[in-house]
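# I need the structure of the sequence given here:
(2 chains)
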Amino acid sequence: METLVCEGLSKDYGKLRALDRVDLRLEEGKIVGLLGPNGSGKTTLIKLAARLLVPSEGNVTICGEVPSEKTKAIVSYLPDRNFLPEYMNGEELVAMYKDFFADFDENRAYEMLGSLDIDLKMPLRKMSKGTKEKVQLILTMSRKAKLYLLDEPIAGVDPAARDYILRTIISNYDENATVLISTHLIADVENVLDEAIFLKQGRVILHKSVDEIKESTGQSVDEYFREVFAC
Amino acid sequence: MLGKLIKYDFKALAKNMFPIYGLMIALTLVCSLMIRFNLEKNFVFGIAMFAWIVSMSSSFAITIWMTVMRFYHGLLKNEGYLSFALPVKTEIHILAKVFNALIWAVVEVIVLGICALIFAFTVATLRDLMEAFKYIFTIDLDFYLMLLQMSLLGAVELLAGDCLFFAAFSIAHLFDRHQKLIAGAFVVLMFIIRIFLFPQRFSMEFGPQSQLIILQPLLYIIPLLLAGVYSFVTWYILDRRLNLQ
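Numbers count the residues shown, from 1 in each chain, chains lettered A, B, ... in the order given. Sure thing, here's the model as predicted:
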């Protein structure tokens, strides 16, 4: 079954075309890397799927539905910034997610927060940048969603934290769910990816399985990416 | 979902508003106790009285500004990424912010009432209070009707004002910079336009029969209509033109 489908999807910001006639079909049970340099349209594509933006042309569907409050109930979205209320602590955040998301697994969240020794009474604003990002990821991955949209989940954290984040993603997503990870740190994520999408200037220039890329080019995804996007 | 949104918005504002209201009540108590014990000539009294006057006169503006900022930060800044990821319709988000603004206006009135009672019970003598209590029952019923109508009018004007601020910040979010300045300019512009388009005035009459009537139904209809228009503008931008940066 296809989790995410884009057909002729375009998005304009004034005169600037951020996404240009994108056609994509992502099947369930896959971890897909959305790879491209800065400004290639990765965040725009994710925001369109999360219904934070409305397409200029074409359409996007999640499990056959146009993005709406209905699809938001099955999409777990991690933006590329601190998006949680800074005055809240771990306990309050877990309670809030439980209140709003029917698919939120409170026990899973507490288990992961506990494994990191995060003080549940400490407000987010007092936590380090890396800890905040981990809390955000834990809450996002504690949902039993159909589609996870992770926008730059490992940018700005140290290598040890990256390993933790990637382990958390792999060990917590449902086998029938799809995970779309946007990043330009390809070497760090390529081992967990099933498929890779290369975005360049708003267009999809490649969508293949990681194995196919390795077989056809004889290179790792990171090496091939550097070749394709060489300045 | 509406109830949950209101609950979290209320909690978020309570962290800022309750300390402010606590300060107002404390200042009221200090000032009234100093009057009670004839310490008006004390230097501290001057400072406390000044702080009390400032806090009382600006409290409504602070309450409105804080509820507008909750809208701005909750929907149009980083927290907006969370808000719009919730399985909630855009109109429910707006409704929650409107209800929250009205609820805090009621809380504000209650706090002002508490301050008035503290002042009365500390400064006045028991005899004065008994006299005042008796006087309440001698006031004509129409006076209370007037109070009710004035309260209703205040509520619809507050509703229109909040919706205007929400629309202003929604429009301003379409621009990359100077968002608060643009929102402020829009509010002033709408205010001026309203004065020219709808120059209604209060018209109250006390008479032997009717005692008091606030004559013009337009006084209620216009702010309600404007609240509807501003809410539609807000909804359109948040639902169709949202572009969180």
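# Distance-wise, check residue B:226 relative to chain A.
Residue B:226 sits 27 Å away from chain A, going by C-beta to the nearest C-beta, to the nearest Å. Yep, even glycine has a C-beta here, placed from its N, CA and C like the rest.
# What is the burial count for residue B:53?
When neighbours are counted by other C-beta atoms under 10 Å in any protein chain shown, residue B:53 registers 12.
# what does residue A:58 give?
17.
# mind listing the helices for chain A?
Assigned by DSSP state H, chain A shows helices spanning A:42-49, A:69-72, A:90-100, A:106-115, A:129-141, A:159-172, A:186-189, A:210-217, A:221-228.
# no wait, chain B
Using DSSP H, helices in chain B cover B:2-36, B:43-71, B:79-83, B:90-123, B:126-138, B:141-172, B:179-197, B:218-240.
# Give me the helices and strands touching the second one, please.
Using 3 or more C-beta pairs under 8 Å, 6 or more residues apart in numbering or on different chains; DSSP states H and E as the contact criterion, the elements in contact with helix B:43-71 are helix B:2-36, helix B:90-123, helix B:141-172.
# That helix: how far from the chain's middle?
Put simply, helix B:43-71 sits 13 Å off its chain's centre (C-alpha atoms, centre = their mean, to the nearest Å).
# quick one: buried residues of it?
B:45, B:48-49, B:51-52, B:55-56, B:59, B:62-64, B:66-71 (16 or more other C-beta atoms under 10 Å in any protein chain shown).
# ok, back up a step: out of the helices of chain A, deepest packed?
Greatest average neighbour count among the helices of chain A goes to helix A:42-49 (a mean of 25), per mean count of other C-beta atoms under 10 Å in any protein chain shown.
# which residues touch that helix?
When contacts are defined by C-beta atoms under 8 Å, 6 or more residues apart in numbering or on different chains, helix A:42-49 is touched by residues A:4, A:6, A:9, A:11, A:18-19, A:22, A:34-36, A:53-55, A:60, A:62, A:67, A:75, A:77, A:80, A:147, A:149, A:151-152, A:180, A:182, A:199, A:202, B:244.
# Tell me which of the residues you listed fall in strands.
Secondary structure assignment by DSSP state E places A:4, A:6, A:9, A:11, A:18-19, A:22, A:34-35, A:60, A:62, A:75, A:77, A:147, A:149, A:151, A:180, A:182, A:199 of the contacts of helix A:42-49 in strands.
# filter those by proximity to chain B?
Applying C-beta under 8 Å from any C-beta of the partner chain to these, one finds that A:75, A:77 fall near chain B.
# Just the pLDDT for residue A:107.
Per-residue confidence at residue A:107 stands at 92 (pLDDT).
# which residues touch residue A:150?
Contacts of residue A:150 (C-beta under 8 Å, 6+ apart): A:78, A:137, A:140, A:169, A:179-182.
# tally of neighbours for residue A:220?
Neighbours of residue A:220 under the rule other C-beta under 10 Å: 16.
# which stretches of the chain aren't confidently modelled?
As the question left the chain open, I've gone with chain A. Scanning chain A for pLDDT under 70 picks out A:156, A:231.
# that answer is for a different chain, and I need it for chain B
Applying pLDDT under 70 to chain B flags residues B:198-216.
# Apart from its chain neighbours, what residue comes closest to residue A:27?
Spatial nearest neighbour of residue A:27, chain neighbours left out: residue A:2 (5.7 Å); criterion: C-beta to C-beta, 6 or more residues apart in numbering or on different chains.
# Residue A:24 is in contact with that neighbour, correct?
No: using C-beta atoms under 8 Å, residue A:2 makes no contact with residue A:24, being 9.5 Å away.
# between these two, which one's more packed in?
Applying other C-beta under 10 Å to residue A:2 and residue A:24 shows that residue A:24 carries more neighbours, namely 19 against 14.
# Run through the residues that contact the more buried one.
Residue A:24 sits next to A:4-6, A:9, A:197, A:204, A:207 when contact means C-beta under 8 Å, 6+ apart.
# among the residues you listed, who's most crowded?
Of all the contacts of residue A:24, the highest neighbour tally under other C-beta under 10 Å goes to residue A:9, namely 25 neighbours.
# and chain B, which of its residues are near chain A?
So far as C-beta under 8 Å from any C-beta goes, chain B lies against chain A at B:1, B:4, B:8, B:12, B:15, B:78-82, B:84-89, B:239-244.
# of those residues, buried ones?
Neighbour-count burial (16+ other C-beta under 10 Å) applied to these gives B:8, B:12, B:78-82, B:84-89, B:239, B:242, B:244.
# And these, which two are furthest apart?
Farthest-apart pair in those is B:12 and B:239; separation 22.6 Å (C-beta to C-beta).
# tell me, how many neighbours does residue B:224 end up with?
13.
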